[in-house]
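Asks: turn this into a structure:
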Amino acid sequence: MDSLLAATASQWVTDTNAAVHIQLVGADSADDVLKAISRDPPEGAAEDEGEDGDDEGGADVIQFHPQFTYSIYGEHERVFGYKGLQIFLRYAAGSLAAHLDIRYAKRVDALDSTHAVALRADDVATPLRQHLCSAALCASASEFAQRVARDTAEFRPTGRKMHEYAGAGEGQAYEVYAGDFGDAQVRAYHERAQLLPMLYIEGAQAIDTADERWRVVSVFERLTLDGRPSYALVGFCTLYAFFHWPDHVRWRISQFLVLPPFQAQGHGRRLYQAIHRMVLDDARATDLHVEDPSAAFDDMRDRCDLQYLLAQRAFDALQGAPVAAETLAALAARHKMSRRQTARCVEMALLRTLDRRDERAYAAYRLFVKRRIYAQNADQMAAMDADERRQRVGAAYAAVEEDYGRIMAAL
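Replies: Residues are numbered from 1 along each chain as shown. Okay, the predicted model is just below:
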């Protein structure tokens, strides 16, 4: 009996989240790039943390895995027909010139079989290439190495520089740039980057780069060695300008991504703060909203907005709960924040100074927050009887107060 049919199908199934290796590559020399990428990755390398890879010979290679690959390989994030499959998706760290390198130990349709059933391995290259910018995709490792060496020296971020902040290392700084899709260079660069959100943001899709209402705000690491700067992409955010009558816009954050090697270093906070400043400085803008934020993004946003409002002394005139709707609306308009986000920040600020031993003040605060919770869930609450409504609102309030305490403890 054919040994292939005796084997279980699972032996030929690969988890694509584990098989895909994303690499950010920088080097002054094409030879150094070729030397670094031609070697097999070290066994057991801590890739998930985005640690520096092999930099012997002068090439800097940082490797990490995607969180999601269902947009490329289907909802099960599996491919059939390989053993030892490794899919290397390489980017020049700054320019995002790309190279695809697929390796495997065995492929099912490369084995001899005397059976009539034809076994075929899944095509792993084409689905990935369909999501890559063809103009930036290098046909060979040699071409990629030459692009990396050239772009390490010559690449400069697209758009207009908004802000700069210092890094921890010598010669290290970070620069924030913004640009609209009306700028051909900004549009072309985003076409290179647009696969990345789909690998890390659940539900993310490619956006229409022909729509000039889109704006991208990006953070780049700048390393200056021997007087020469080189840039690496840290993260970026896409925003859309919605028309707001009569002649204003409402900005909405769509995708917000800091690449894994740069996470947990404060870059997301810096990027969000730069975006909020941009909206504040935009005479056309009325406010800033967020589309389907994750829990981690909500936490960062809450801390940033609360710190900003405290620094602006926005709560000094508040006398405790309740706070009038007109006051909340005025705060939201002045600081160009959504009304819901403004209400959350006001509730946190009141809780921050609340003396819980003052039973009357504490009761007024709880009632103030519960009314907001009820109003936001009025349709669902209307279908409940009075006892169930009280229980649901009470449980929601307890969760909100606990959450506020956790957020404020991290300030």
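
Asks: and the strand ranked longest in the chain, what other elements does it pack with?
Replies: Longest strand in the chain by number of residues (criterion: DSSP state E): strand 228-244. Applying 3 or more CB pairs under 8 Å, 6 or more residues apart in numbering; DSSP states H and E, we find strand 228-244 packed against strand 20-26, helix 141-154, helix 184-193, strand 214-225, strand 248-258, helix 267-281. Glycine gets a C-beta too; all of them are placed from N, C-alpha and C.

Asks: tell me the most buried of these?
Replies: Highest mean neighbour count among the helices and strands packed on strand 228-244 (mean count of other CB atoms under 10 Å): strand 20-26, with a mean of 23.

Asks: quick revisit: now the angle between strand 20-26 and the longest strand of the chain, please.
Replies: Inter-element angle recorded for strand 228-244 and strand 20-26: 120 degrees (by axes from the mean of the first three to the mean of the last three CA atoms, to 10 degrees).

Asks: which of the residues in strand 228-244 are buried?
Replies: Within strand 228-244, the residues scored as buried using 16 or more other CB atoms under 10 Å are 229-241.

Asks: which pair of the residues you listed spans the longest distance?
Replies: Greatest spacing in the buried residues of strand 228-244, by CB to CB: Ser230 and Ala241 (32.2 Å).

Asks: on that earlier part again, closest to Pro293 among the buried residues of strand 228-244?
Replies: Nearest member of those to Pro293, counting by CB to CB, is Cys237, at 11.8 Å.

Asks: okay, how far is it across stretch 189-204, tip to tip?
Replies: 18 Å (CA to CA, to the nearest Å).

Asks: average pLDDT for it?
Replies: Stretch 189-204 carries an average pLDDT of 97.

Asks: Gln67 versus the residue most central in space within the chain, what's the distance?
Replies: Residue closest to the mean C-alpha point of the chain, counted by CA atoms, centre = their mean, is Leu257 at 1.7 Å. Distance of Leu257 to Gln67, given as CB to CB, to the nearest Å: 11 Å.

Asks: got any residues that touch both of these two?
Replies: Common neighbours of Leu257 and Gln67, using CB atoms under 8 Å, 6 or more residues apart in numbering, are Tyr200.

Asks: show me the shaky parts of the stretch 101-250 of the chain.
Replies: For the stretch 101-250 of the chain, the stretches with pLDDT under 70 are 110-118.

Asks: can you show me the strands along the protein?
Replies: For the chain, the strands defined by DSSP E occupy 13-15, 20-26, 60-64, 78-80, 82-83, 86-92, 98-103, 106-107, 160-166, 172-180, 214-225, 228-244, 248-258, 285-290.

Asks: adding distance to Arg360, write those strands out as JSON lines.
Replies: What follows is those, written out as JSON lines (distance: least, CB to CB, whole Å):
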{"stretch": "strand 13-15", "distance to Arg360": "58"}
{"stretch": "strand 20-26", "distance to Arg360": "57"}
{"stretch": "strand 60-64", "distance to Arg360": "53"}
{"stretch": "strand 78-80", "distance to Arg360": "60"}
{"stretch": "strand 82-83", "distance to Arg360": "69"}
{"stretch": "strand 86-92", "distance to Arg360": "59"}
{"stretch": "strand 98-103", "distance to Arg360": "63"}
{"stretch": "strand 106-107", "distance to Arg360": "74"}
{"stretch": "strand 160-166", "distance to Arg360": "45"}
{"stretch": "strand 172-180", "distance to Arg360": "47"}
{"stretch": "strand 214-225", "distance to Arg360": "46"}
{"stretch": "strand 228-244", "distance to Arg360": "41"}
{"stretch": "strand 248-258", "distance to Arg360": "39"}
{"stretch": "strand 285-290", "distance to Arg360": "34"}
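
Asks: and the ones you listed: which comes nearest Gln376?
Replies: Among the strands of the chain, strand 285-290 comes nearest to Gln376, with 15.1 Å by CB to CB.

Asks: could you say what helices and strands the closest one packs with?
Replies: Using 3+ CB pairs under 8 Å, 6+ apart: strand 285-290 touches strand 248-258, helix 267-281, helix 325-335.

Asks: do that again at 10 Å, thanks
Replies: With contacts defined as 3 or more CB pairs under 10 Å, 6 or more residues apart in numbering; DSSP states H and E, the packing partners of strand 285-290 are strand 228-244, strand 248-258, helix 267-281, helix 295-311, helix 325-335, helix 339-353.
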